[in-house]
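Trainee: A predicted structure for the sequence below; I have some questions about it.
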Amino acid sequence: MISHILKHLAAGGLCVGILIAICFVCLDTWYLDHFLPQTQLGSIELSNLSLEDALKLINTEEQPKDFTIVFSSANASHSAQASQLGLNFDNEQVLRQYLSNLKELTVSQRLKLLLVSWKQPHQLPNRVKLDKELTQGFVENIAKSLNQPGSLPQAHLGQTNSPLTLEIEPGTSGSLVNVDQTVAALLNQIASKENQVTSYADKMSNNIASGQIIQPIIFNSDGYVLAPTQLSEAKRKAGRLVGRTIKFELESSHIELVFSDQELISVLAFPSGFNEPELLALVGSKSEPLNRKPQDAVFEYQPDTYEVLEFLPDLPGITVNQANITQQLIDISNQIVNQTDEETAGLENKVTTLDLPYTATPPQVSLESTNQLGINELIGFGDSLYAHSIASRIHNVSQATDMISGTLVAPGEEFSFNKTIGPVTRATGFLPAYVIKQGRTVLGDGGGVCQVSTTLFRAVLNAGLDVTLRLPHSYRVSYYEQNIKPGIDATVYTGNTDLRFINDTRHYILIYGQADSDNLSMFFEIYGTSDGRTTEIVDHKMWGSSPPPPAQYIDDPSLPSGVVKQVEHAIAGLKTEFTNVIKNKDGQEIRRDTYKSNYIPWAAMYLVGTGQ
C-alpha cells in the first residue's frame, strides 16, 4: 500500500517537474525578445515590454548633461560644448544592445537572471552620442587653421627640347589634420565614457564627472623633400625625357595623340614613378576629344547637274582606351629614363610612335550604299594649320573651303580650283586680307584662299591623282610650314595662277573639306574607289638659303593708332624639290612627279595702326 502511494507521488512529482520545465522554456523564449522584470532606463519602466513598445516610451525630449570637448594639438587647442556637436542620448542603441546581449547568454544564465530580476530592479545606463556630421564640420574648420600643406617634388621644362630650362622643385614638408580619424577617435571616446551593456547586471555610471573631454588632434605628414642625392638623380632622369615625344597614331582616321617632353616631365613623381592622378588627368584631357559616336553616311546630289546637296562620310565610332595609353606612357618613359649615356648618345629619332589603342563601332549606313557613282571610300587626305591668322583670313579660309567641299569630278575630267571657286571678291563673301601680289604683300579680297589650295594640293598628292598645274608661292609662308616641310604648297590667283588635276581613276571622285575656325586647322578628303595605288613623297631637298631683308611696316587704319601687330615673320629664301612616287596595286611605279620651288627671302611684316 505504501509503495503504491509512493509510486503515485513520484509520478506526480515528475509531471510537476515537466510542467515547471515547460514554463521555464516558455519564459526563456518570451524574454529573448522582451525586457526582464524590473528593468528600467532612467525613470522609464521597461518590464516585459518588446523592443518596439519600449522605444515608444523613451522620452526623446530629455537632454543629457552638457560637457566641454577640447581638441588639442602641440601648438593650439580648440573647445566646443558637446551640445554644439549634437549631443543626445543613444538610448535606442542601449536597448538593442541589451536584448542582443541576452541572446548571447546560455539558457541557464538567462534563467538565473530572470530569477534575480524578480527580487531586485535593474537600471540600464543612459548612453550619449554626438552628431557625426556636426562634429566633422567642426573639426574641418579647425583643420583650416592648423593645416600646413607640403608639396611633392616636381619637374618643369620651361621650353621644349631645351635642357637648360629643366628645373626640379625639391618639395616641402608639411602636416594636415586627419579629420576622419580625429572624429572617429572622439566618437569612440564618447561611447567609452558611458558603460556599455555587457550583461544584465550593468548599472548606470557617469564617467564624464569632470565635465570635460580632451581629444588629441590627429595629423598626417604631407609633402616630401628630396635629399641632395635624390635631387641629382631626379634631374638626371627628367633630363632623359627632354626632346622626347611619344605619339599614338590612328592612320585610317588621321588621328594623332601626341605627348610632348614638357608633358611627360610634368607627370614624373620623385624619387620614383609617376604622379598617377596627374597622368590620368593628362591622358583624359587629351584623349577624350578623340572619342566619337559612329556617323552614318549621307550623300544626296542632283542627278542631272551632279550638284551635291548634302554629304557626310561614314565614320566608325571611336572609344580611346585611356588605361592602355597610360600604361604605355609609363612603360616607354621608364625605358627612356633608365637608358645609359651610351644608349642615348647620338640618338636622332626622338619620337616614339605607337598605334592608338581604341575600340571601333561601325556605322549603320556605309558610304558605298548611298550612291552608284563609285564614291565608296577615302582615297586621299591633306591637312594644314594656320595659327596666328587675322580674323578676315580665318573667314576667307572657311569661305573657300565651303566652296570647294562637295565638288564632284567625273572620270577623266580636269578640276580647276579657280573655275570651281569663281570670282574672289567681297560680293561673293570674301573679306580683305593680306595676299601676295607681284612679289609684295598687300591687302586684297580673299587673302587666305591659298591656304585652301595648298591643303587641297596635299590631298591630291596623297590620292596620287595627275596634277596638271601647280605653282609655288613667291616666298615661304609660315602658315604652310606649321605641320610639314617647306615646298609643299600651291598658290592660286585670278587667271592662270591655278591648281589643276585630272581624275585619272575609273569612277567619280568627291572632294570634302572642313575648316576649323576655332583651332585654326583644316583638311580635305578625296572620296572615290581605290584602284590600289599608293603614294610616297621622296627625295625632299632644301638648299640655297638666303637671309631675309629688313622688316616692313604697313599702315593699317583698322588698328588703333599706336598699335603694332606682327603678321609675317622674317624668313630666309630657299630652294626646294620633292618627288611624289605613285605605284599601282602590285607595287610597280606608274608615275614619278617632281615639284620644284624657288622662294625669295622675305622680311618680317608689321601692321601699324593709323585708326582713331
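Mentor: Perfect, I can see it now. Residues are numbered from 1 along each chain as shown.

Trainee: How about residues contacting the longest strand seen in the chain?
Mentor: The longest strand of the chain (DSSP state E) is strand 534-546. For strand 534-546, contacts defined as Cβ atoms under 8 Å, 6 or more residues apart in numbering pick out 461-464, 485-488, 572-583, 587, 598, 600-601. In short, each C-beta sits where N, CA and C put it, glycine included.

Trainee: let's see it at 7 Å
Mentor: Here strand 534-546 makes contact (Cβ atoms under 7 Å, 6 or more residues apart in numbering) with 461-462, 464, 485-486, 572-583, 601.

Trainee: Can you say which of those are buried?
Mentor: 461-462, 464, 486, 572-576, 578, 580-583, 601 (16 or more other Cβ atoms under 10 Å).

Trainee: among the residues you listed, which two are most distant?
Mentor: Largest separation among the buried ones among the contacts of strand 534-546 by Cβ to Cβ: 583 and 601, giving 37.0 Å.

Trainee: Need the CA coordinates for the longest strand of the chain. CSV is fine.
Mentor: Extracted in CSV, the C-alpha atoms of strand 534-546 (Å, rounded to 0.1, in the frame of the first residue of the first chain):
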residue,chain,number,x,y,z
THR,A,534,49.9,54.1,-103.3
THR,A,535,51.9,57.3,-103.0
GLU,A,536,55.1,58.4,-101.2
ILE,A,537,56.9,61.7,-101.1
VAL,A,538,60.7,61.0,-101.5
ASP,A,539,63.9,62.9,-102.1
HIS,A,540,62.8,66.1,-100.3
LYS,A,541,65.6,68.6,-100.8
MET,A,542,66.3,72.1,-99.5
TRP,A,543,69.2,74.3,-100.5
GLY,A,544,70.3,77.8,-101.4
SER,A,545,69.2,79.5,-98.2
SER,A,546,69.5,83.3,-98.2
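
Trainee: How far off centre is it?
Mentor: Distance of strand 534-546 from its chain centroid, counting by Cα atoms, centre = their mean, to the nearest Å, is 39 Å.

Trainee: Tell me the buried residues in that strand?
Mentor: Quick answer for strand 534-546 (16+ other Cβ under 10 Å): 535, 537.

Trainee: what mean pLDDT would you report for that strand?
Mentor: For strand 534-546, the mean pLDDT works out to 96.

Trainee: Direction included, what does it pair against?
Mentor: When pairs are called by DSSP bridges, strand 534-546 turns out to pair with strand 573-583 (antiparallel).

Trainee: measure stretch 556-573 end to end?
Mentor: The first and final residues of stretch 556-573 sit 26 Å from each other (Cα to Cα, to the nearest Å).

Trainee: And for stretch 379-390?
Mentor: End-to-end distance (Cα to Cα), stretch 379-390: 32 Å.

Trainee: who's in contact with that stretch?
Mentor: 254, 397, 433, 448, 451, 454-456, 458-460, 462-463, 479-480, 482-483, 520-528, 530, 567.

Trainee: Might you quantify the distance of it from its chain's geometric centre?
Mentor: 26 Å.

Trainee: before we move on, the earlier item: among the contacts of stretch 379-390, name the buried ones.
Mentor: Taking 16+ other Cβ under 10 Å as the criterion, what is buried in those is 397, 433, 448, 451, 454-456, 458-460, 462-463, 479-480, 520-528, 530, 567.

Trainee: Return the subset of these lying in helices.
Mentor: 397, 451, 454-456, 458-460, 462-463 (DSSP state H).
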